[in-house]
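Asks: Here is a sequence with its predicted model. Questions after.
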Protein chains: 2
Amino acid sequence: MLSVEAAERQGLLEKIRGLVLGGEFPPGAVLPEAFLAQEFEVSRTPVREALKQLQNEGLVEIRPKVGTFVREPTHREIIELFQLKESLEGLAASLLARRGETPELSALRLNLEDSEAAVLTNDSKAYSRLVHEFHWTIVRGSDNLKLAEHYERLMNQLAYQRLVLRTIEHPGRIAASTREHRAVLEMIEHKDPFGAETAMRNHVHASSREALTEPVRSLRN
Amino acid sequence: MLSVEAAERQGLLEKIRGLVLGGEFPPGAVLPEAFLAQEFEVSRTPVREALKQLQNEGLVEIRPKVGTFVREPTHREIIELFQLKESLEGLAASLLARRGETPELSALRLNLEDSEAAVLTNDSKAYSRLVHEFHWTIVRGSDNLKLAEHYERLMNQLAYQRLVLRTIEHPGRIAASTREHRAVLEMIEHKDPFGAETAMRNHVHASSREALTEPVRSLRN
DNA sequence: GACGCGCTTCTTGCATGCAACATAAGCTGT
DNA sequence: ACAGCTTATGTTGCATGCAAGAAGCGCGTC
């Protein structure tokens, strides 16, 4: 086995996760080990290990002796995960507000300027990216690595990328969202942990409501 | 291979996790795959899968081509995890307060009575169990399975059982802790989500401070 | 005596083979 | 035609073999 492949194999879990989150396999579809092994030019063993991890993350379901299936979160699970998201991001905003001037703060200021520009030009593609960046900047700015880890896991479980696209389209939502972002940033700048947490939770709650207004595609789970 | 062993193998991950959390292997010690395989009468393959999961959970560290080591959370990580604990349990209390009369509520009332009895008789063994039960009852009572999952993962990362024993011994702490439990329960009974969340967070925060007053055993990480 | 180099040994990482099981198709008898 | 059973196939689950790398030990040299 060539060493270049060994380096690639390091990210096998991420690759397969990307396949699932990217929607390459529709929810409910099977993920045969043999196929993935051939696809990534490794044997079934490392593929199996990766799939077990994905099952642990809740992205796939392994039915013993039957096969591995892409799992879509149920409507209930989405609601539950949004509640968690609200809590974790609130904590992140609170922690960030307690810190002094950090690199993340200026990143947030820049982000808001770009976001408002994107609103004016109706560039929803850029806006989507900026929103994602805004939230992650706050999480990283909390300076709490374990929080970031749990947050990442949570977002993977939500298959968030599949969801946000819809909410962006809601008319008026992006303007409101930007206002909420500004409110959060102001509270952080004022070093008001409680205010920042509250503003963040309000924002996440509002955006969750938006994401949940349209029904989830398939609810067979 | 006998079928009875197949049934046992189902819980192989839990068994190995129990070994680590139970302190059978001191932090920093190696966990040779071959030994575990022989110990549980399986081959190295399923052991490897379990160890990878444990690494994902943060309980062990797999150094490639070297070995698997029991990982002890750093002091910083413990602080970070307690911040998360505070947030998640606050959310749980808030959600439980929003629900009506639930089986969990009466369980909590019973728990408090037993706890107060344990305080009077200085039965710290029983008290420790009751505290654990109190917190888990609230988390389960939140009726949010994803929250419970993340909470369990968090508690495993904290290796909580190793920690609590110390704080119990602090004079006066168990009385204060019981008072805080009562405050939380009252807020839940009054269906006051915000009050319940605040009371819970205060309680977790206080207990965290207690757990962190004594230095962590080995800080080699 | 101390330092550096090579080798031995122990560990993991992966590939592969085989067995077990679930599912579904086909077949037979009624 | 239909129900029940048998068989065929595809999948996973695990055991094992082999190779590659890392750490420690000993030996030789300075």
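Replies: Received, thanks. Keep in mind it's a predicted model, so treat the numbers as computed, not measured. Numbering: from 1, shown residues only, chains lettered A, B, ... in the order given.
Asks: Now the residue most central in space within chain A: which helix or strand?
Replies: By C-alpha atoms, centre = their mean, the mean C-alpha position of chain A lies nearest to residue A:155, the distance being 3.3 Å. Residue A:155 belongs to helix A:145-158 when elements are defined using DSSP states H and E.
Asks: And the average pLDDT for that helix is what?
Replies: Averaging pLDDT along helix A:145-158 gives 96.
Asks: cool, stretch A:113-121 as well?
Replies: Computed over stretch A:113-121, the mean pLDDT rounds to 93.
Asks: re earlier: would you quantify the distance from the residue nearest to the centre of chain A to residue A:69?
Replies: Separation of residue A:155 from residue A:69 (C-beta to C-beta, to the nearest Å): 21 Å. Where you see a C-beta, it was placed from the backbone N, CA and C, and this is true even at glycine.
Asks: How about residue A:96?
Replies: In this view, residue A:96 and residue A:69 are 39 Å apart by C-beta to C-beta.
Asks: cool, and residue A:49?
Replies: Applying C-beta to C-beta to residue A:49 and residue A:69 gives a distance of 18 Å.
Asks: Kindly tell me how buried the closest residue in space to residue A:91 that isn't next to it in sequence is, as a neighbour count.
Replies: Spatial nearest neighbour of residue A:91, chain neighbours left out: residue B:87 (4.3 Å); criterion: C-beta to C-beta, 6 or more residues apart in numbering or on different chains. Using other C-beta atoms under 10 Å in any protein chain shown, residue B:87 has 27 neighbouring residues.
Asks: do the one 5 residues further on as well
Replies: Residues near residue B:92, counting by other C-beta under 10 Å, number 28.
Asks: just residue A:100 next, same as before
Replies: 6.
Asks: Compute the number of surrounding residues for residue A:196.
Replies: Each residue near residue A:196 was counted by other C-beta under 10 Å, and the total is 27.
Asks: Whichever strand or helix holds it to helix A:145-158, inter-axis angle?
Replies: Following DSSP H and E, one finds residue A:196 within helix A:193-213. Here the directions of helix A:193-213 and helix A:145-158 differ by 10 degrees (axes from the mean of the first three to the mean of the last three C-alpha atoms, to 10 degrees).
Asks: From the chain's centroid, how far away is helix A:193-213?
Replies: Relative to the mean C-alpha coordinate of its chain, helix A:193-213 is positioned 15 Å out (C-alpha atoms, centre = their mean, to the nearest Å).
Asks: Need the contact partners of it.
Replies: Applying C-beta atoms under 8 Å, 6 or more residues apart in numbering or on different chains, the external contacts of helix A:193-213 come out as A:78-79, A:82, A:85-87, A:89-98, A:138, A:163-164, A:166-167, A:170, A:173, A:176-177, A:180-181, A:183-184, A:186-188.
Asks: What about those, which are in helices?
Replies: Secondary structure from DSSP state H places A:78-79, A:82, A:85-87, A:89-98, A:138, A:163-164, A:166-167, A:173, A:176-177, A:180-181, A:183-184, A:186-188 of the contacts of helix A:193-213 in helices.
Asks: are any of those residues buried, and which?
Replies: Buried members of those, counted by 16 or more other C-beta atoms under 10 Å in any protein chain shown: A:78, A:82, A:85-87, A:89-97, A:138, A:163, A:167, A:173, A:177, A:180-181, A:183-184, A:187-188.
Asks: Kindly identify which of these also come near DNA strand C.
Replies: Near DNA strand C, judged by C-beta under 7 Å from any atom of the strand, there are no entries from these.
Asks: relative orientation of the helix holding residue A:196 and helix A:173-189 in degrees?
Replies: Going by the same axes, to 10 degrees, helix A:193-213 makes 160 degrees with helix A:173-189.
Asks: Could you pull up the contacting residues of residue A:20?
Replies: Residue A:20 touches A:31, A:54, A:59-60, A:70, counting by C-beta under 8 Å, 6+ apart.
Asks: how long is stretch A:51-71 from one end to the other?
Replies: 12 Å (C-alpha to C-alpha, to the nearest Å).
Asks: Same question for that stretch: list its buried residues.
Replies: Residues of stretch A:51-71 classed as buried by neighbour count (16+ other C-beta under 10 Å): A:51-62, A:68-71.
Asks: contacts with chain B among the residues you listed, please.
Replies: Restricting the buried residues of stretch A:51-71 to those within reach of chain B (C-beta under 8 Å from any C-beta of the partner chain) leaves A:52-53, A:56, A:58.
Asks: ok, which pair from those is furthest apart?
Replies: Using C-beta to C-beta, the pair of those lying farthest apart is A:52 and A:58, separated by 12.2 Å.
Asks: roughly how far apart are residue A:160 and DNA strand C?
Replies: Using C-beta to the nearest atom of the strand, to the nearest Å, residue A:160 is found at 29 Å from DNA strand C.
Asks: Spit out the contact partners of that residue.
Replies: Per C-beta under 8 Å, 6+ apart, neighbours of residue A:160: none.
Asks: Whichever residue of chain A sits closest to DNA strand C: neighbour count?
Replies: Going by C-beta to the nearest atom of the strand, DNA strand C is nearest to residue A:43 of chain A, at 2.8 Å. Counted by other C-beta under 10 Å, the residues lying close to residue A:43 total 13.
Asks: my guess is it contacts residue A:33, does it?
Replies: No - Residue A:43 is not in contact with residue A:33 according to C-beta atoms under 8 Å; the separation is 9.5 Å.
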